[in-house]
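*Asks:* Kindly generate the corresponding structure for this input.
(4 chains)
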Amino acid sequence: MATGEKEILGSSAGLAGAVAIESGTELGELEVKARGYWEQVWIRFKRDKIALMGGVTIILLLLSAFVGAPLAKHWLGHGPNDLFFSAVTPDTLLPVGPFTHVLDPNTGKNTFFILGADGTLGRDEFLRILYGAQVSFEVALLSCLGSMTLGVLLGSMAGYFRGWVDTVVSRLTEITMAFPQLLFIIALASTVGDSMNNITFGIFGQGVVTLVVVFTAFGWFYPARIIRAVVLSLREKEFIEAARMTGSSDWRIIRSHILPHLIAPIIVYSTLSIAGLILAEAGLSFLGVGIKLPTSSWGNLLQGATEFYTQQPWLMVWPGLAVLITTLAFNLLGDGLRDAFDPRATH
Amino acid sequence: MALLEVNDLKTYFRTDDGVVRAVDGVSFSVDKGQTLGIVGESGSGKSVTCLTIMGLNSKRSAISSGSALWKGEDLLTANPRRLREIRGSEIAMIFQDPMTSLNPVHKIGDQLSEAMRLHEDVSRKQARARAVELLKAVGIPRPDRRLDDYPHQFSGGMRQRVMIAMSLINNPDLLIADEPTTALDVTTQAQILTLIERLQEEFGSAVIMITHDLGVVAEIADDVVVMYAAEVAEKGHVEQIFKKPHHPYTWGLMGSLPRLDADVERLVQIQGQPPSMLRPPTGCRFHPRCPYVMPICKEVDPELTAVSDDPGHLQACHLDEETKDREAAKLLAGMMSGQTAS
Amino acid sequence: MLRYLIRRLLWAVLLFVAVTIVTYIIFYAIPADPARLACGQRATPECIKRAAHYLGTDRPLYFQYYKFFGRLMPFSFRGGPHLKEPRLGRSFTNRQSVNSVVAHAAPVTASLVFGGAVFWMLIALPVGILSALRPRSLLDRIAMVFVLVGISAHPVWIGLLFAYFFGFKAGLFPITGYSDFFAHSGDTSAGPVQWAYHLVLPWATFAILFAALYVRMIRANVMETLNEDYVRTARAKGAPEWLVMRSHVLRNALLPVVTMLGMDIGIALGGAIFTESVYGLPGLGKTAITAIDSFDLPTTQGVVVFATLVIIVFNLIIDLLYAVIDPRIRLS
Amino acid sequence: MAMQEEMRQTALELTGDELLVAQDLKKYFPVTRGIVFQKEVASVKAVDGVSFALHEGETLGVVGESGCGKSTMARCIMKLLEPTGGKITFRGQDITKLSRAEMRPFRREMMMIFQDPYASLNPRKRVGFIVAEALQVHKLGTDAEIKRRVQELLEVVGLNPEHYNRFPHEFSGGQRQRIGVARALAVNPKLIVCDEPVSALDVSVQAQILNLLKDLQRDFNLTYIFIAHDLNVVRHISDRVMVMYLGQVVETADRNSLYQEPKHPYTGALLSAVPVPDPTVGRGRKRIVLEGDVPSPMNPPSACRFHPRCPRFVEGRCDVEEPALINRGGPASHTAKCHFPLERWPLTEAEMRTAGTAGTTETAA
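*Replies:* Numbers count the residues shown, from 1 in each chain, chains lettered A, B, ... in the order given. Now for the predicted structure:
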């Protein structure tokens, strides 16, 4: 009773302990030993040179898409959608090859096409690839954000509260998985596309919003399944029970015991899903249901290249290579992060 | 000649964090029909010792040295083919976790007869008949029908019986049981121990019983090896170990066990935690936890030497015998007094 | 077992109904006016009205769906005669029966997908198993690079590169076109050899992504199974390594691969769309894309419903197959 | 039925000053089956009518094999699981039906120590946070006060108070269990439910924790419910012991009475199965080996649940009439749920099998 309380509180060593702590911090000893989870993850991640390379590549790609593209446009003096009839060889009707000077009819000056022209309309391939990167990143990052938000919300609710919420979410994911997804996405992109393609909020390319909506609609269920599984297994852990034992509210348990465990899978899955989304955007644009011309995208550049691929094979190399490098960087980063978060995983 | 003679056995594992010395110079021998108990806490290297003898460690990460003479033939240097011949037919092994030790996609009968057909040229029918015989011997009801069942249709205790049947199907000379009852309840443990004892009488096999339970060792072992931190702390006949223990670690183990037949207010507790085998303590590995620690203990690793008045009893401790006799007597007297008090 | 069967079967039926509902909403409720689309470019109000009546879009949505679903059924509702209409309707563009459109396209896609599956398993099985057995070896490292490139490179791009190098430059294989497996008498342009010859590049293209995914999955599964206690038990019995591998490691490690294979073949039916459009194969995907371009709703929808049905049937088969090969499910 | 109810009641003589009383506590887990709509087809009777009373400062040991419902019972008492039936009274107040909010003040009074020292500490949280959680939740003190208190608690359980901002993975199993003890102690609870607190630990460390628990009980006048499958450990720490089998209590008695004169054949079998670390004693006695496995709690045997495995099974009695948990001879507080209790202990296997002179034991009861 009261005596017990007194005894625990009154134990004199407490003060000595506190003093020891302070001196320990001074010596920097505690900092060295008390390595937190995130610190350990970071140490493991730093050791993984390949994953670091992926991360650096991603930063460079983002910079070149959102900073480099406008700069290049400024320096070259023409935009990605400007048409140059002089960039098409008149007798063969083929676009000009890399490193060609093209006459700008507006200014009468020569302008430089680093990777040549993209097709019979004579647009600058290099700038189109840079601006295509913008579109790719916009679609991938926003769709990832959308599907992860939806997925994490539904998945964690299903996992934590079980009951009818779980039933509904689980059945919904099963139904979504039974769809021939690609066909559906294409169909959806074409039916809702007409009304949504022109929504750009002033900053996005045409069709970006449509793709984000469609990808979000079909992308949430996989993260939801992962998160649900994680929360379900967390829920059975004794430390959750221990938190309930102390009288913690649901909100406190979710915030301080469940969420910290979800960050790792969310980060890893997001990184890997961005790679997939970049591929998907390029695919849909290639099929003509994604980003619509004249807005450039790696997918519609690839589509344009098929017309000339026997005569100008380089045209299909550039956008494909851009996709490869970007997705590879995200995949490497994702794999590295997974290993850093869970060193024992076998794959 | 001893059936199995292990000399200065060492097994190190390479890991990302460094070399783990799982077994570090262990010697013992087992005679025909005898039961050897190996006791120690988790991580003391008792399981790895036996896996090394069986050649079942991962070849990629484990390095072993020393020798394990099986009827005079060194198992550590034997070629893989010869080792396979011995495994399962002359030396058989039972593992700790009966839930995961059986292949979930094969029928029990097939797994049993596989063990037999690997070593003997018998027909499917003969192997099946033998399997029924053994399932019966280990006390599985309706064995002929249960042969066609899958492991998940058996309870933990029943699976361990199946494992025992499988290990005995070729009449092995030595049975290594690696904590066979740790995962089981006490009544099931009694069933399994009784079974092993009975079968040992019937089949005449020698047994190595690996366990952390001193009680199990006291009940079924003839000789006992006490392991601590990859080394042998003490070994001898079961009576010697329990009546006149000579190592402070053994005292600690015995004193820390609450007992059914003795009352003590406070248990003897061994301070601290078992060491990491990545960086084992210098000198005697028990010295950081030893209440009798002397300066020499921190520097010199004690040799395993015979107790002066008892040549079969070996121990590795710097403490003088007089103190040991006194302390051991005190410990046992303490337990005895408890016994009378109850 | 029977209970399991019935449950899977009922769930499959339920899934099918759910998918058709969503399909119907996407195709007939979201687009502005199907009737206008049905009339084509120069739609007169009269035509639209007629078309709306014919399509039933002047009736409430649930009734439209009811009719649509009723047509799909192999038997008639309420004992009346079955509608004398093809189950999947008629194309807006050429009034062809969608059934026959699908029937023509399906074998092409099936050839691509099943051939591709054989292709990818032929790569993934040996590479996955060997690299699991020798982690960090040269083969394993090469396999891991292949995996990364395989999942990162765009299938369209791989297709274009293959077509360029093996088709155009080296002239080894045809770049476009499809050839029937069954030759009509006297037709030398068809037959199994021509069929395979035309499909080599598409198969290779199609297989790369899945081969990469499967190498990774098989490698992980085998590595995990190698650490199982029962594998140690098998070794302790004295089983030779090949037997341990065959009967204890692979048997268990490849069980989940079977399920994945079933699901992926179903998904791949839709995924074949890229390969089909690169190589100009008249399969389901190409049909769907052409139909979407010309706002041909019934055809698009027909392809989607068909593909869904195939996926559901496939998953069902896999479920049942799994129950046969895994005693833990069969007997529970 | 009515008679049995009555007997259960008589077995529990309440004086009014109990800290905790459980009456006819039940927890059934539904087994559902269905294709679209799940319907309940059966239930796992994990805890099926458990009653006991607990006085302040006392330790009640609960033993039984895995699956006997001892952990489920602990979670029902802690209200981590909603009991299906029965009544739990804490200090005279019925807490069975309390909502989570109403339960909160009681959470300060009863704490739990968990089995797995790895799973029971959140690996992403510092030790300080873990130990302080109850203090934070119940808003007991400022941050500085809480920090000081945490350090004191770490000291009390034998850990270095400097280590409050380390993570659980930096501690060994035994030290982690000490952290678990510190967490349970933080708000000065009256009752601590220990759910197999030492079964995951090495023998040498197990003794440290047992000694610590005993010291704390002495110092802070704690009341324990101590659950374990190890009879040695339970005997060491308990004042009274309750033996459970298939969700029911089969025997309950003072420690000495139970271990020296078990009445229920199941208790006898358990006691004889425990290996004794003494070669002369251990080999001298005979184990009573029970046949078969524990039946499924979904479909427990009729009448006396132990009858299919019982060496003293009498057909027509044990499988027909359920015995009551009442005094079967010996001290008044010693109750057993058996028609044919053991006459004395130890018994040889042959004596065990002869189900005694049934009539006399019944009348004696």
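
*Asks:* Which positions in the stretch 101-250 of chain A make contact with chain D?
*Replies:* A:237, A:238, A:239, A:241, A:242, A:243, A:244, A:245, A:246, A:247, A:248, A:249 (CB under 8 Å from any CB of the partner chain). No exception for glycine: its C-beta is placed from N, CA and C like everyone else's.

*Asks:* what about the first one, how many neighbours?
*Replies:* Right, residue A:237. Using other CB atoms under 10 Å in any protein chain shown, residue A:237 has 21 other residues around it.

*Asks:* what stretches of the stretch 151-300 of chain C score poorly on pLDDT?
*Replies:* Within the stretch 151-300 of chain C, the ranges that satisfy pLDDT under 70 run C:179, C:181-190.

*Asks:* need the helices for it, in chain order.
*Replies:* C:155-162, C:192-226, C:229-236, C:241-243, C:251-253, C:255-279, C:284-293, C:297-325 (DSSP state H, counting those that start in this stretch).

*Asks:* can I get the ones you listed in a markdown table with mean neighbour count and distance to chain D?
*Replies:* Formatted as a markdown table, the helices of the stretch 151-300 of chain C follow (neighbours: other CB atoms under 10 Å in any protein chain shown; distance: least, CB to the nearest CB, whole Å):
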| stretch | mean neighbour count | distance to chain D |
| --- | --- | --- |
| helix C:155-162 | 24 | 38 |
| helix C:192-226 | 22 | 21 |
| helix C:229-236 | 22 | 20 |
| helix C:241-243 | 12 | 32 |
| helix C:251-253 | 20 | 26 |
| helix C:255-279 | 22 | 21 |
| helix C:284-293 | 24 | 31 |
| helix C:297-325 | 21 | 14 |
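
*Asks:* Out of those helices, which is closest to residue A:291?
*Replies:* Between residue A:291 and these, the shortest gap by CB to CB is with helix C:155-162, which sits at 14.5 Å.

*Asks:* Return the list of helices and strands in contact with that closest one.
*Replies:* Applying 3 or more CB pairs under 8 Å, 6 or more residues apart in numbering or on different chains; DSSP states H and E, we find helix C:155-162 packed against helix A:259-287, helix A:298-305, helix A:314-341, helix C:192-226, helix C:255-279.

*Asks:* Show residues contacting that helix.
*Replies:* Under the contact criterion CB atoms under 8 Å, 6 or more residues apart in numbering or on different chains, helix C:155-162 has outside partners A:282-283, A:286, A:299, A:302, A:305-306, A:309, A:316, A:319-320, A:323-324, C:201-202, C:204-206, C:208-209, C:271, C:274-275, C:277-279.

*Asks:* Can you check what angle separates it from helix A:298-305?
*Replies:* Interaxial angle of helix C:155-162 relative to helix A:298-305 (axes from the mean of the first three to the mean of the last three CA atoms, to 10 degrees): 30 degrees.

*Asks:* for helix C:155-162, the distance to its chain's centre please.
*Replies:* Chain-centre distance of helix C:155-162: 19 Å, with CA atoms, centre = their mean, to the nearest Å.

*Asks:* Okay, now the unreliable bits of the chain?
*Replies:* I'll assume chain A. Using pLDDT under 70, chain A drops low at A:1-36, A:87, A:93, A:102-108, A:193-198, A:200-203, A:343-347.

*Asks:* Correction: the question concerned chain B.
*Replies:* For chain B, the stretches with pLDDT under 70 are B:335-342.

*Asks:* tell me the centre residue of it?
*Replies:* What sits nearest the mean C-alpha location of chain B, by CA atoms, centre = their mean, is residue B:210, with 1.7 Å.

*Asks:* Spatially, what comes nearest to residue B:18 if we skip its sequence neighbours?
*Replies:* residue B:278 (5.1 Å; CB to CB, 6 or more residues apart in numbering or on different chains).

*Asks:* For residue A:134, give its distance to chain B.
*Replies:* Distance of residue A:134 to chain B, given as CB to the nearest CB, to the nearest Å: 42 Å.

*Asks:* Using the three-state scheme, assign whatever residue of the stretch 201-342 of chain B ends up closest to chain A.
*Replies:* Closest residue of the stretch 201-342 of chain B to chain A, CB to the nearest CB: residue B:276 (14.8 Å). Judged by DSSP: H, G, I helix; E, B strand; the rest coil, the three-state class of residue B:276 is coil.

*Asks:* Near it, how many residues? Count them for me, please.
*Replies:* 14.

*Asks:* Tell me the spacing between it and residue B:230.
*Replies:* Remark: distance between residue B:276 and residue B:230 (CB to CB, to the nearest Å) = 11 Å.

*Asks:* Not including adjacent chain positions, what is the nearest residue to whatever residue of the stretch 51-200 of chain B ends up closest to chain C?
*Replies:* Closest residue of the stretch 51-200 of chain B to chain C, CB to the nearest CB: residue B:88 (3.4 Å). Closest residue to residue B:88 apart from its sequence neighbours, by CB to CB, 6+ apart: residue C:238 at 3.4 Å.

*Asks:* thinking the one you found is in contact with residue B:90, fair?
*Replies:* No - the criterion here is CB atoms under 8 Å, and residue C:238 misses it with residue B:90 at 9.2 Å.

*Asks:* who has more neighbours, these two?
*Replies:* Neighbours per residue (other CB under 10 Å) separate residue C:238 from residue B:90, with residue C:238 holding more: 23 against 18.

*Asks:* Which parts of chain A belong to which domain?
*Replies:* Per automatic domain parsing, the structural domains of chain A span A:1-32, A:37-347.

*Asks:* Need the winner for burial among these.
*Replies:* domain A:37-347 (a mean of 20; mean count of other CB atoms under 10 Å in any protein chain shown).

*Asks:* residues contacting residue C:256?
*Replies:* C:217, C:221 are the contacts of residue C:256 under CB under 8 Å, 6+ apart.

*Asks:* do the same with residue C:118
*Replies:* Contacts of residue C:118 by CB under 8 Å, 6+ apart: none found.

*Asks:* Quick check: residues of the stretch 101-250 of chain A near chain C?
*Replies:* Residues of the stretch 101-250 of chain A found near chain C (CB under 8 Å from any CB) are A:174-175, A:178-184, A:186-188, A:190-192, A:194-195.

*Asks:* close enough to count as contact, residue B:104 and residue C:255?
*Replies:* No - when contacts are counted by CB under 8 Å, residue B:104 is not listed as touching residue C:255 (9.5 Å).

*Asks:* Residue in chain D with the shortest distance to chain A?
*Replies:* residue D:161 (2.9 Å).

*Asks:* tell me the two of the residues of the stretch 101-250 of chain A next to chain D that are most distant?
*Replies:* Among those, A:238 and A:249 lie farthest apart (CB to CB), at 18.7 Å.

*Asks:* contacting residues for residue 334?
*Replies:* This is for chain A. By CB under 8 Å, 6+ apart, the neighbours of residue A:334 are A:268, A:269, A:271, A:272, A:275.

*Asks:* my bad, the chain I had in mind was chain D
*Replies:* Neighbours of residue D:334 in contact, by CB under 8 Å, 6+ apart: D:251, D:252, D:253, D:254, D:257, D:258, D:261, D:263, D:327, D:328.

*Asks:* Residue A:309 too?
*Replies:* Listed by CB under 8 Å, 6+ apart, the contact set of residue A:309 reads A:315, A:316, C:160, C:163, C:164, C:168.

*Asks:* repeat for residue A:306
*Replies:* Counting by CB under 8 Å, 6+ apart, residue A:306 has contacts A:316, C:160, C:278.
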